[in-house]
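K.L.:
structural data only, the sequence is not supplied:
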């Protein structure tokens, strides 16, 4: 294939091919679908010759500043301008014009209804996008290009040409710092109180067990063994098995999780335990957390909280925690999930008998 033809490859064709043949329904695919749609909008009309250093760097700067779409609003509730001209944030429990909770992002209709009541919305603030977001998007571009070249049998003769493109060799934005967010009992109880009845069980189970979202919604009644206090995780059989982190294994269940499942089970012997799509589980958590005022609490923080409590409250070792978490190595577990509270450890120290306290020469006690 002549080099000029390679340069004229349209990115819309690259993204379309990747979406049609490689973007399966496995772990993380919902996020990738959303990212791919944005990439198609930004770059779809360009060819590879136009997708150069200047265009990519200009896009990267605009993306990081929020010009191409604002980043996450840490408080998540909209601001309004009262009749006296003062700007204030709506309380998450405050009812707006059509009876909806203010914890939800205002629609155009809601903004119009507020305006009719003499309350206008403040200009929406633009927030920076995290470097991790831009990193994910650029990595998706690389995956799509590599797949296109392989699918079109271009790799053997033109892998060097592809590797030389700026997007393939540029330095990616730095990865975000690992989150350390923890939730105490008071905050968790507030969030649980805001959960809808039809969504409470799936969130409480996540809080107890610390499994991945994809793992929880793949659980089936026929794999639940209350006598052994174990549930079997089975790979859901996606077309591309690398797209899911669900690894076949037996998961030990906490007593609270066993009781929760028994209360739910009734006469059920087979079928999905939690019949939700991934996005629905996240939405259930998001709405409850917003109503409770925990605007920065994410569903994935639940996994960190549950696994950290296994170590803190149950005295489970890291090697034992892996049986629950499903990690392949302790390093990842320690880096991203185990965040022990210093006050909990200090209380544990204080509970030790005096005979177990270290004796320091020249000090009292």
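P.N.:
Nice, I can see it. Owing to the predicted nature of the structure, the values given are computational and were not obtained by experimental measurement.
K.L.:
ranges for the strands of the protein?
P.N.:
Ranges of strands within the chain are 79-81, 87-89, 120-121, 224-225, 230-233, 249-252, based on DSSP state E.
K.L.:
so for residue 180, what's the nearest residue that isn't a sequence neighbour?
P.N.:
residue 339 (5.1 Å; C-beta to C-beta, 6 or more residues apart in numbering). Quick note: C-beta positions are derived from backbone N, CA and C, even for glycine.
K.L.:
tell me how far the one you found lies from residue 225.
P.N.:
The gap separating residue 339 from residue 225 is 31 Å, by C-beta to C-beta, to the nearest Å.
K.L.:
which one of these two is surrounded by more residues?
P.N.:
residue 339 (18 against 13; other C-beta atoms under 10 Å).
K.L.:
contacting residues around the more buried one?
P.N.:
By C-beta atoms under 8 Å, 6 or more residues apart in numbering, the residues touching residue 339 are 180, 181, 182, 304, 308.
K.L.:
for ChimeraX, write a command that selects the buried ones of those residues.
P.N.:
Buried residues within these, by 16 or more other C-beta atoms under 10 Å, are selected in ChimeraX with:
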select :182,304,308
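K.L.:
least confident of the contacts of residue 339?
P.N.:
Minimum pLDDT across the contacts of residue 339 is recorded for residue 180, with 83.
K.L.:
give me the number of residues near residue 215?
P.N.:
Using other C-beta under 10 Å: residue 215 sits among 24 other residues.
K.L.:
how deep is residue 317 tucked in, by neighbour count?
P.N.:
For residue 317, using other C-beta under 10 Å, the count is 10.
K.L.:
again, but for the one 10 residues further on
P.N.:
If you count neighbours by other C-beta under 10 Å, residue 327 ends up with 19.
K.L.:
residue 63 reaches residue 134, doesn't it?
P.N.:
Yes - Residue 63 is within contact range of residue 134, at 5.3 Å (criterion: C-beta atoms under 8 Å).
K.L.:
next one: residue 5 from residue 168, what distance?
P.N.:
Counting by C-beta to C-beta, the gap from residue 5 to residue 168 is 18 Å.
K.L.:
more neighbours: those two, which one.
P.N.:
Taking neighbours as other C-beta under 10 Å, residue 5 and residue 168 compare with residue 168 leading, 14 against 10.
K.L.:
tell me the contacts of that one?
P.N.:
142, 145, 162.
K.L.:
give me the subset of those residues lying in helices.
P.N.:
In helices, defined here by DSSP state H, the members of the contacts of residue 168 are 142, 145, 162.
K.L.:
among those, show me the least confident.
P.N.:
Comparing the ones in helices among the contacts of residue 168 by pLDDT, residue 162 comes last, at 94.
K.L.:
pLDDT wise, what is the most centrally placed residue in the chain at?
P.N.:
Nearest to the centroid of the C-alpha atoms of the chain, with distances taken as C-alpha atoms, centre = their mean, sits residue 300, at 5.3 Å. Residue 300 carries a pLDDT value of 91.
K.L.:
so where's this protein uncertain?
P.N.:
The chain contains residues with pLDDT under 70 at 1-4, 24-29, 74-111, 113-114, 119-124, 236-246, 344-345, 354-365.
K.L.:
show me how it divides into domains.
P.N.:
Residue ranges for the domains of the chain, per automatic domain parsing: 3-68+129-169, 79-121, 185-349.
K.L.:
residue 176: which of those domains is closest?
P.N.:
Checking the domains of the chain against residue 176 by C-beta to C-beta gives domain 3-68+129-169 as the closest, at 3.8 Å.
K.L.:
circling back to that earlier point, adding distance to residue 150, write the contacts of residue 339 out as CSV.
P.N.:
CSV is the format used below for the contacts of residue 339 (distance: C-beta to C-beta, whole Å):
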residue, distance to residue 150
180, 39
181, 39
182, 43
304, 36
308, 41
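K.L.:
from the contacts of residue 339, which land in helices?
P.N.:
304, 308.
K.L.:
residue 235: which of the contacts of residue 339 is nearest?
P.N.:
residue 304 (24.1 Å).
K.L.:
quick check, that closest one in contact with residue 183.
P.N.:
No - Residue 304 lies out of contact with residue 183 (C-beta under 8 Å); the separation is 9.1 Å.
K.L.:
can you tell me how far residue 176 is from residue 348?
P.N.:
From residue 176 to residue 348 the distance is 31 Å (C-beta to C-beta).
K.L.:
and the contacts of residue 339, which is closest to residue 118?
P.N.:
When those are compared against residue 118 (criterion: C-beta to C-beta), the nearest one is residue 181, at 38.2 Å.
K.L.:
burial check on the closest residue to the closest one other than its chain neighbours, number of neighbours?
P.N.:
Distances taken as C-beta to C-beta, 6+ apart place residue 301 nearest to residue 181, at 4.7 Å, with adjacent residues excluded. Around residue 301 sit 19 other residues, with neighbours defined as other C-beta under 10 Å.
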